[in-house]
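> Pasted the sequence and its predicted model underneath.
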Amino acid sequence: MKLEAIRNFVRQKQWLLGLVLVLAASAPLPGLADQDFSQVVARPSPEWLRAGTIYEIYPRDFSAAGNLNGVTAKLDELHRLGVSILWTMPIHPIGEKFRKGEFGSPYSIKDYYAVDPNYGTLDDFKKLVAGAHQRGMKVIMDLVANHTAWDSVMMQHPDFYKQDASGHIIPPVPSWTDVAGLNYASTGLRDYMIAMLKYWIKEADVDGFRCDVAYMVPTDFWEQVRAELTKVKPDLMMLAEAAEKPELLVKAFDLDYSWPLLATMNDVLVRNAPAANIRRVCEKIESQSPRAALHLRMSDDHDEARAVARFGLNGALAASALMFTLDGVPLIYNGMEVGDATESGDPALFDKLNIFWQPKERPQLRGIYHDLIQLRHQYAALRNSRVDWRHNSDETSLVTYLRADDKDQLLVVINFSNRPLTGKVDLKDVDGFAPVKISGLENSGGGQLPAVQLNGFEWRIYHRATPAVAAK
């Protein structure tokens, strides 16, 4: 759900994160439940998710046609890029009553069972899913379970909706004026929503759901959903748009949003906060999440101004290097792979602004993203949940960490400042490390580990076989 209030929500998250970073180490993250989930194991997730890269698609803007067939036409291109999970933003008809913008928010839905005629037909969507499956890719749908349009077909069931003391249906948040809030105290609503989700799995063979504002919907409903949907498709995935409810990752969801990390990236790259805050917030989240929990790692999505607009081109690539080499599942928002800077978030969300697929004088970003994706496929060490943060000599600018397993070690070194730096990584044994070649990326090439010399926003990934393996 991305309306004007969501922008305010994200800004609030950023303010709260600033508070977190100055609190004592024992203090919980703002909004997290008091219960300690650090000793609880996260629900197991399918390997195709842990190994995957999610690609978010806004069908309205993805092609000039602005429909589902425009997405299907680019499946080969997406497959060559290496992405393995396609997330389609809502494909349903948009409400007209109290609509925002010319086209309206895709998160204001009239009928969960229908496809927006501007996007095409049910058969068009089924062809998209089938085409993705033929290429070894999964497809997840955007599920808006917190609210509907004011002219939704569900309005014939007023008990499905939140009401004020006078019995008037109300928005979930006062400023979300184009949507009406759903009431999960209604068993009829729960049955309706679960039946609808089963319909899309059975009818279109979708592989899971990205669940909009999941933190605003009762956890017990999500657990009920997961139990029912697993009977239909055991290896489906569910992504929660939430970061403050770790209990969601115990029984219901496979992964949630890493909003605190995104807010920290904005602080570091836009407001010159210390790069050490990145490690700090990651460790804080890990300490308060279920063990081995997965988080969506993103620097760009439909809620934010494009990363290249916020961080500059090189800063955006540095942010992507982090997101693709940390634990979790990385996200590409359509157009990132070409450096698209077209306006995003609201109010652009409510209109049509095509991705500009041939921007002028951009480096070969597609090759860079392709190679980052392939690294995750090649090295299981990048898919586990262990991050070994390493101290370095300039933690105001430099972030350094190891990703390792019993076969491989990868050292990641990222300069989050726009200035050249010379530093040293706290790593006694550096024998065997060699830089990984990333297509289209020009490295300065200076420095011999443990020393590093990096240009502004430059980053490198080094690889070696795990010493015990290499010695055999």
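Sure thing, it's come through.
> which residues in this protein form helices?
Counting by DSSP state H, the segments of the chain that form helices are 4-20, 47-50, 59-62, 68-72, 75-81, 122-134, 187-204, 219-232, 248-251, 259-271, 276-287, 307-325, 365-378, 467-470.
> Using CSV, lay out those together with mean neighbour count, distance to Leu411 and mean pLDDT.
The way it works is simple: take the backbone N, C-alpha and C, and place the C-beta from them, glycine included. Below are the helices of the chain laid out as CSV (neighbours: other C-beta atoms under 10 Å; distance: least, C-beta to C-beta, whole Å; pLDDT from 0 to 100):
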stretch, mean neighbour count, distance to Leu411, mean pLDDT
helix 4-20, 16, 27, 38
helix 47-50, 17, 22, 96
helix 59-62, 24, 36, 96
helix 68-72, 23, 37, 98
helix 75-81, 15, 26, 98
helix 122-134, 18, 35, 98
helix 187-204, 16, 42, 98
helix 219-232, 16, 37, 98
helix 248-251, 22, 29, 96
helix 259-271, 22, 20, 97
helix 276-287, 19, 15, 96
helix 307-325, 23, 10, 97
helix 365-378, 19, 13, 96
helix 467-470, 11, 13, 69
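> Go through those and name the closest to Met154.
Smallest distance to Met154 across those (C-beta to C-beta): 7.3 Å, for helix 187-204.
> Need the contact partners of the closest one.
Residues outside helix 187-204 that contact it (C-beta atoms under 8 Å, 6 or more residues apart in numbering): 112-113, 122, 125-126, 129, 141, 143, 145, 154, 157, 159-160, 182-184, 206, 209, 221, 224-225, 228-229, 232-233, 236.
> Could you pull up the residues touching Ser417?
For Ser417, counting by C-beta under 8 Å, 6+ apart, the contacting residues are Ala275, Thr396, Ser397, Gly456, Phe457.
> Also Lys74?
Lys74 makes contact with Phe62, Ser63 under the criterion C-beta under 8 Å, 6+ apart.
> how close does it get to Gly120?
Look at Lys74 and Gly120: by C-beta to C-beta, to the nearest Å, they are 15 Å apart.
> Next: Ala132.
Distance, Ala132 to Gly120, by C-beta to C-beta: 15 Å.
> just Lys100 next, same as before
In terms of C-beta to C-beta, Lys100 sits 23 Å off from Gly120.
> likewise Asn277?
Distance from Asn277 to Gly120, by C-beta to C-beta: 45 Å.
> same deal with Val329?
Distance, Val329 to Gly120, by C-beta to C-beta: 28 Å.
> who has more neighbours, these two?
Val329 (28 against 21; other C-beta atoms under 10 Å).
> measure the more buried one to His133 for me?
19 Å.
> list the contacts for the residue nearest the centre of the chain?
Of all residues in the chain, the one closest to the mean position by C-alpha atoms, centre = their mean is Leu296, 4.1 Å from it. Residues in contact with Leu296 (C-beta under 8 Å, 6+ apart) are Ile54, Leu239, Leu255, Asp256, Tyr257, Ser258, Gly328, Val329, Leu331.
> what do you get if the cut-off is 7 Å, keeping everything else the same?
When contacts are counted by C-beta atoms under 7 Å, 6 or more residues apart in numbering, Leu296 touches Leu239, Leu255, Asp256, Tyr257, Ser258, Gly328, Val329, Leu331.
> my read: the last one touches Ile54, true?
Yes. The criterion here is C-beta atoms under 7 Å, and Leu331 meets it with Ile54 at 4.9 Å.
> Start from the N-terminal end of the stretch 351-472 of the chain and give the strands.
Along the stretch 351-472 of the chain, counting by DSSP state E, counting those that start in this stretch, strands occupy 388-389, 398-404, 408-415, 421-424, 434-435, 451-454, 459-465.
> Quick check, pLDDT for Leu32.
Looking at Leu32, its pLDDT reads 38.
> In this structure Tyr184 contacts Pro218, no?
Yes. Between Tyr184 and Pro218 there is a contact under C-beta under 7 Å: 5.0 Å.
> Compare those two and say which is more crowded by neighbours.
Tyr184 (20 against 11).
> Check what pLDDT the more buried one gets.
pLDDT, Tyr184: 98.
> got the contact list for it?
Tyr184 makes contacts with Arg190, Val217, Pro218, Phe221, as judged by C-beta under 7 Å, 6+ apart.
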